[in-house]
Structures are given as structure tokens and as C-alpha cells.
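Peer 1: based on what follows, work out the 3D shape:
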Amino acid sequence: MSVPASERAQPGSVLFVCLGNICRSPVAAAVMRARLAESGMLGQVEIDSAATHAYQIGSLAHPETRRLAESRGYVLDEHRARLVVIGDFKRFELILAMDRRNLSALKALAPSTAAANLGLLMDYAPYLRVEEVPDPYGGPPEGFKRSLDLIEAGVNGLLRRCYRI
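Peer 2: Next comes the predicted model:
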């Protein structure tokens, strides 16, 4: 999928979204923060993550997510799951869902005056020919690794396309 021209500008704020905000989206935010820190741009972009469903609000990241993220140098210590709120559509310039189900939920929630551009994270890694980051929750550890691999590719593509990093 191609990314619309409106998403190619350097957004000053990015929100990553998944179903419960304990696996995929907090990892995407952590990967983005780490990459921005490596490039000296961390303070220039607001990064956060949220859920489309209230299943896990207030929870830490999933234990397997934390273990795997930490093994790759990503920090999730302060993460607490939160729900997407209407204000996020004004606060964030770019809101990226991990899959079509969550993108549909975002579109249904977005007010008609929403300023945010909505899309899928994997739109930024089209060479992989994968449209969604699969939800590893409840599955084997290999699913968490696959999700993290895809998230890293998507975030790297986002950084190349929007930030020239």
C-alpha cells in the first residue's frame, strides 16, 4: 500500500494503536523512541500508544512482550495500557494501527473534525508484503518475536519516509 502524501511530512506526534495496548502498540512506541534517541531526535516527536478496547486498561505490557523488548534494548517499564480518547485525534498528527480491525475502530471513533492522519504501521514496510502486525496475545513466544520483527521494520520505514533517518 502506498502512504498518502499527507503522511509523508515529518509528523511531530505519532500514536500507535492495537487492541489492548499491552503487546504491539507499546512495543512500536518503544522502538520509535529508541530509534529517535539514536538519531538525536527524541525530544522533537511526541510518541505514545493506546488501545481500541478497554480489556487491559492500566496494565503493564504483556510479560513476553517486555522480556523480548528488553532483550533488544527497548524500555517498557513505565508503560500502562490506556484507551484511545477523542482528544488523541487532535493531539496526534499520525495515528497508526497494527491491523485493519483497529484501523476500522479508529475510523469509527474519529470525530469529523479529526486532524490526525490514520493508517497502518505496515504501510511503511511495503517491501515485506505484509499488511498487518499479527496479535501475539495468547499465542506462542514465536508470535511475539514475529510481531516485534514486523514492528521494527514498520518503524524503520516510517523513520526513513517521514524523518529521513
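
Peer 1: in stretch 79-93, what counts as buried?
Peer 2: Residues His79, Ala81, Arg82, Leu83, Val84, Asp88, Phe89, Phe92, Glu93 are the ones in stretch 79-93 that count as buried (16 or more other C-beta atoms under 10 Å). Every C-beta, even on glycine, is put in place using the N, C-alpha and C of the backbone.

Peer 1: got it, and stretch 49-57?
Peer 2: Ser49, Ala50, Ala51, Thr52, Gln56.

Peer 1: those residues in strands, which ones?
Peer 2: Counting by DSSP state E, the buried residues of stretch 49-57 place Ser49, Ala50, Ala51 in strands.

Peer 1: I figured Ala69 hits Leu76, correct?
Peer 2: Yes: look at Ala69 against Leu76 with C-beta atoms under 8 Å: they come within range, at 5.3 Å.

Peer 1: common neighbours of the two, please.
Peer 2: Common contacts of Ala69 and Leu76 (C-beta atoms under 8 Å, 6 or more residues apart in numbering): Val27, Ala30, Ala61.

Peer 1: out of those residues, who has the most neighbours?
Peer 2: Val27 (32 neighbours; other C-beta atoms under 10 Å).
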